[in-house]
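Engineer: After the sequence you'll find the predicted model.
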Amino acid sequence: MSGILVVCEHEQGSFKKTAGELLGKAVELARALGTTVSAAVVGDVAADALGGWGAQQVYQVAGDFSSYSGTRTAAALHAIATAAAPDVILAPASYAGKDALPRLVARLGSGLGTECTDLRVDGGVVVGRRPLYAGKAFADVRVTRGVAVFSVRANSFPVPAMGTGRAPVQTVACTSVDPVVVVERKAAEHKTADLTEAERIVSGGRSLKSAESFDAVVRPLAATLGATVGASRAAVDAGYAHHDEQVGQTGKTVNPTLYIALGISGAIQHLAGMRTSRVIVAVNKDASAPIFEHATYGVVGDLFEVAPKLAAAVARLG
Amino acid sequence: MKIGVCVKITPDTDTRIKIQGDGIDANGIKWVVSPYDALAVEEAIVTGEKHGAEVVSFTIGDESTQAVLRGNVLAPGVARSVVVSEAAALKTDSLGRARVLAAAIGREACDVVFCGKVGIDHDNAQVPAMVGELLGWPVISRVTTFSAEGGRFRATRNVDGGVVEVVEGPLPAIMTAERGLNTPRYAKLPQLTAAKKKPIDTPSLADLGLSADVIAPAVTMTAWDTPPPRPKGRILQGDVDTVVDELVRLLREEAKVL
Ligand SMILES: Cc1cc2nc3c(=O)[nH]c(=O)nc-3n(C[C@H](O)[C@H](O)[C@H](O)COP(=O)(O)OP(=O)(O)OC[C@H]3O[C@@H](n4cnc5c(N)ncnc54)[C@H](O)[C@@H]3O)c2cc1C
Ligand SMILES: Nc1ncnc2c1ncn2[C@@H]1O[C@H](COP(=O)(O)O)[C@@H](O)[C@H]1O
């Protein structure tokens, strides 16, 4: 078989929406190329339903992969790539994607285009479009030797409705032992979507002034919207928010449909992490704050007044 | 014990990027140690101090990187640097760079090599895992604590979804530095002076047992451009209640995100 192989991640028995996004896009690319779409699944999960997103064949390595293992994941992907012999591999730019794909590519001796925000067919091959220099530049990325591997930022494509189709599942054997062992695992206290995958994000900045007011203003608005909480580095450094919540060049790169920035000035390093968001709302009392140049909707006002009223108005929508 | 650290020299985050052909205009750019590599350098120095081990840095970059290395890598405490500046190494892709670094690291018999979790130029996060794969070493990405004892390491890493894992494994290994790992020190004046005399080794690809063919790139990047300008946004001002109602209406009816 040739065609496009999509790495489908899953968590607690269900597939992540990046799997739908990438399969949906792969179907479109495969149609233009006249080729097929298959899915790569690492770990135990019922995978035949991926046919409903357009996978014609599923390749699966069984086993417990709930704690991340770089060695085992890379070996599993390599075994699947060997069985499926694809021309193109698409995968999410997740922790696993970023850790295991370079290893896979080193084994394949080919090339990797990371963090793509768009994919298209051009001249009979798949081409990625990707941000560089913290989103200050964009370029087309092509792989000219061997299997072309691309990692894609979450929320780059719509998730298609899942049909009722079922795909045949071929189990691929892979026995690999990781010399690295996980001795302790602490799950996050708050169970919202990871920032890098979140569809909605509410972020707070230095202007929140304390952890208490961050908790009282930013988190409730996020909760009302079903959004994940983010923060500027200034807010993280001041201890208002957790390290893991930082958005920006030295924090997370996010790509939500809705990004609400409360009292964030819009420094270049913050923009680096969120400028590809589809809709940006900025609330800032300084009408000349740079964030307004990037905002879809800007509210000039005091966040301590605007945020609670916004939360109440959203709650009224039900 | 010997400790390695891979250091990439990148444009400062504040630098204005101008496109020139399929690349950026190097004029007027301030070059710095990529911020995550600064964390890797600090961890390498701290670990070296703790174990009385020599610390060596590895860089692929042109001659101009040497000045940045003296001031920001050798001065704070790295003993010597290895810099590969041959044209084929500067022009290759991540896997080509990983082959060069793996060969350079292989010559030094390091017990642990620290890298940054990502270079802030191309945001690739590719090279460290490739180096680990080529050397057959474990790679731990996004490390926030590190210790070594009796030929084994223990590290804390941040995986997706806010999950934090403590992992243990055998050395040699690659660690990629995440924010929170440490706070990089600044070099003092006498150290800056002393760094001028520290050795910088500049092996050729042949010295590393490589050739331009072996590291020929498979990845090309073309059609460079600045991001499409965002359509001009709408600024809402005035009475808070009116503004909030209008915002909610716009988010629902115009942007269709609520
Ligand atoms: C190497 C490097 C890496 C960096 N990485 C990151 C990163 O990853 N992420 C990041 O965010 N930053 C990063 N920074 C820091 C960045 O340069 C800025 O300092 C930071 O983003 C500022 O955070 P802020 O917007 O919360 O604070 P400020 O810049 O202080 O802005 C506060 C804003 O709040 C507004 N305000 C104040 N009170 C109110 C109110 N009551 N209502 C409404 N608005 C109000 C003010 O008008 C102002 O615009 C980095 C810097 C460097 C040098
Ligand atoms: N040219 C280079 N010279 C030295 N180290 C590098 C180079 N490129 C990448 N690295 C290392 O790999 C890390 C990740 O870089 P990258 O894969 O380019 O995002 C960097 O933080 C460095 O530690």
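Structural biologist: Structure's in. What do you need? Ligands and ions are numbered 1, 2, ... in the order given.
Engineer: ok, A:Trp53 to A:Val27 distance?
Structural biologist: 8 Å (CB to CB, to the nearest Å). All C-beta spots, glycine's among them, are computed from the backbone N, C-alpha and C.
Engineer: B:Gln191 too?
Structural biologist: For B:Gln191 relative to A:Val27 (CB to CB), the value is 58 Å.
Engineer: OK, now which residue of the stretch 1-150 of chain A is nearest to ligand 1?
Structural biologist: A:Ala134 (9.2 Å; CB to the nearest ligand atom).
Engineer: list the contacts for whatever residue of the stretch 151-258 of chain B ends up closest to ligand 1?
Structural biologist: Using CB to the nearest ligand atom, B:Arg179 is the residue of the stretch 151-258 of chain B that sits closest to ligand 1, at 8.2 Å. By CB atoms under 8 Å, 6 or more residues apart in numbering or on different chains, the contact set of B:Arg179 is A:His243, A:Gln246, A:Thr250, A:Gly251, B:Tyr36, B:Leu39, B:Thr144.
Engineer: Which residue is the nearest non-sequential neighbour of the residue in the stretch 151-258 of chain B that ligand 2 sits nearest to?
Structural biologist: For the stretch 151-258 of chain B and ligand 2, the shortest gap (CB to the nearest ligand atom) falls at B:Thr176, measuring 6.8 Å. What sits nearest to B:Thr176 in space, not counting adjacent residues and going by CB to CB, 6 or more residues apart in numbering or on different chains, is B:Lys117, at 4.3 Å.
Engineer: I figured the one you found was touching B:Met175, is that so?
Structural biologist: No - assessed by CB atoms under 8 Å, B:Lys117 is found out of contact with B:Met175, at 9.6 Å.
Engineer: who touches B:Asp160 in this structure?
Structural biologist: Counted by CB under 8 Å, 6+ apart, B:Asp160 has contacts A:Ser94, A:Tyr95, A:Ala96, A:Asp194, A:Thr196, A:Glu197.
Engineer: again, only this time at 7 Å
Structural biologist: Counting by CB atoms under 7 Å, 6 or more residues apart in numbering or on different chains, B:Asp160 touches A:Ser94, A:Tyr95, A:Asp194.
Engineer: can stretch B:27-47 be found next to ligand 2?
Structural biologist: Yes - using CB under 6 Å from any ligand atom, stretch B:27-47 reaches ligand 2 at B:Ser34, B:Tyr36, B:Asp37, B:Ala40.
Engineer: pLDDT value on whatever residue of chain B ends up closest to ligand 2, please?
Structural biologist: Per CB to the nearest ligand atom, B:Gly116 is where chain B lies closest to ligand 2, at 2.5 Å. For B:Gly116, the model assigns a pLDDT of 98.
Engineer: right, and it touches B:Ala40 too?
Structural biologist: Yes - counting by CB atoms under 7 Å, B:Gly116 touches B:Ala40, with 5.3 Å between them.
Engineer: between those two, which one's more packed in?
Structural biologist: B:Ala40 (31 against 26; other CB atoms under 10 Å in any protein chain shown).
Engineer: which residues in the stretch 101-250 of chain A form helices?
Structural biologist: Residue ranges of the helices in the stretch 101-250 of chain A, as given by DSSP state H, counting those that start in this stretch, are A:211-213, A:219-225, A:233-237.
Engineer: Point out the most buried one among those helices.
Structural biologist: Ranked by mean neighbour count under mean count of other CB atoms under 10 Å in any protein chain shown, the helices of the stretch 101-250 of chain A are led by helix A:233-237, which reaches a mean of 22.
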